[in-house]
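> need a 3D model of the sequence below.
(2 chains)
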Amino acid sequence: KAGVTQTPRYLIKTRGQQVTLSCSPISGHRSVSWYQQTPGQGLQFLFEYFSETQRNKGNFPGRFSGRQFSNSRSEMNVSTLELGDSALYLCASSLDLSGANVLTFGAGSRLTVL
Amino acid sequence: QKEVEQDPGPLSVPEGAIVSLNCTYSNSAFQYFMWYRQYSRKGPELLMYTYSSGNKEDGRFTAQVDKSSKYISLFIRDSQPSDSATYLCAMSKSTGNQFYFGTGTSLTVIP
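Numbering: from 1, shown residues only, chains lettered A, B, ... in the order given. As a prediction, this is how the structure comes out:
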């Protein structure tokens, strides 16, 4: 069974540019969540999508956006990049059963902003 | 104040030692508690999952949850060099799919 696949794995951008990251969830998983991981803050929740709808959103500025397609694949976009956006961006998928769910993470996309 | 607090370490122990990792939290709505392990350049992988208070054991790993103290622990017995990683605690509420993570504790097991 394939895991969560994130592309690209590494990328370098400059301030002011925008970036799009892609995530393919585990087959059958309909919920996709995105997290930003930095050494100082740890994992911070960005947003969660289910059935192409954003269901939850963390405390990030509007420059961070995402979407989910009908096949559950998801993308996140960061516009007008800032140096502080340098981080590992993790995508996680889950079955979305009643009660708690278990997140399965991808390997992440490491973004460096120069 | 962050909702989940975790000592970042780093923690360095000799092979075979018992390791204790801890997190505290402030939100009494948390019902589900998890421990993830993250190796360098990899995404976190689920180690342990518990619901409400109590203990859960899986091989060399034991997870404890004390909801009255808002305190969770992960114990690793007979630690191995392959256990060297960052350990993240995570928790979620009874509804919704948003997880709250600690900042992670870096563990090194020395052969």
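
> show me where the chain has strands.
Picked chain A for this. Assigned by DSSP state E, chain A shows strands spanning A:5-7, A:10-13, A:19-24, A:31-38, A:42-50, A:53-57, A:64-68, A:74-78, A:87-94, A:104-105, A:109-113.

> chain B, not that one
Taking DSSP E, the strands of chain B run over residues B:4-6, B:11-14, B:19-25, B:30-38, B:45-51, B:54-58, B:61-66, B:71-76, B:85-93, B:99-101, B:105-110.

> now mean neighbour count and distance to residue A:17 too, for those strands, in a markdown table please.
C-betas here are computed from N, CA, C, even on glycine. Listed next are the strands of chain B as a markdown table, based on neighbours: other Cβ atoms under 10 Å in any protein chain shown; distance: least, Cβ to Cβ, whole Å:
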| stretch | mean neighbour count | distance to residue A:17 |
| --- | --- | --- |
| strand B:4-6 | 20 | 33 |
| strand B:11-14 | 14 | 38 |
| strand B:19-25 | 19 | 37 |
| strand B:30-38 | 22 | 28 |
| strand B:45-51 | 16 | 32 |
| strand B:54-58 | 12 | 44 |
| strand B:61-66 | 18 | 42 |
| strand B:71-76 | 20 | 40 |
| strand B:85-93 | 23 | 30 |
| strand B:99-101 | 24 | 28 |
| strand B:105-110 | 17 | 32 |
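
> quick one: which of the ones you listed is nearest residue A:52?
Nearest to residue A:52, of all the strands of chain B, is strand B:99-101, at 21.1 Å by Cβ to Cβ.

> re the thing from before, in CSV, list the strands of chain A along with mean pLDDT.
Output for those, formatted as CSV (pLDDT from 0 to 100):
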stretch, mean pLDDT
strand A:5-7, 97
strand A:10-13, 97
strand A:19-24, 98
strand A:31-38, 95
strand A:42-50, 93
strand A:53-57, 91
strand A:64-68, 97
strand A:74-78, 98
strand A:87-94, 95
strand A:104-105, 94
strand A:109-113, 97
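
> now render these as TSV, adding distance to residue B:74 and mean neighbour count.
Formatted as TSV, the strands of chain A follow (distance: least, Cβ to Cβ, whole Å; neighbours: other Cβ atoms under 10 Å in any protein chain shown):
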stretch	distance to residue B:74	mean neighbour count
strand A:5-7	26	17
strand A:10-13	30	14
strand A:19-24	28	20
strand A:31-38	19	24
strand A:42-50	16	22
strand A:53-57	26	13
strand A:64-68	31	19
strand A:74-78	30	21
strand A:87-94	20	24
strand A:104-105	18	21
strand A:109-113	26	18
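
> now render these as CSV, adding distance to residue B:94.
Converted to CSV, those look like this (distance: least, Cβ to Cβ, whole Å):
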stretch, distance to residue B:94
strand A:5-7, 29
strand A:10-13, 37
strand A:19-24, 26
strand A:31-38, 16
strand A:42-50, 16
strand A:53-57, 14
strand A:64-68, 24
strand A:74-78, 25
strand A:87-94, 15
strand A:104-105, 21
strand A:109-113, 31
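
> quick one, which of those strands is nearest to residue B:11?
strand A:42-50 (16.1 Å).

> find the residue at the geometric middle of chain A.
Note on chain A: the residue nearest the mean C-alpha position is residue A:34, at 3.0 Å, using Cα atoms, centre = their mean.
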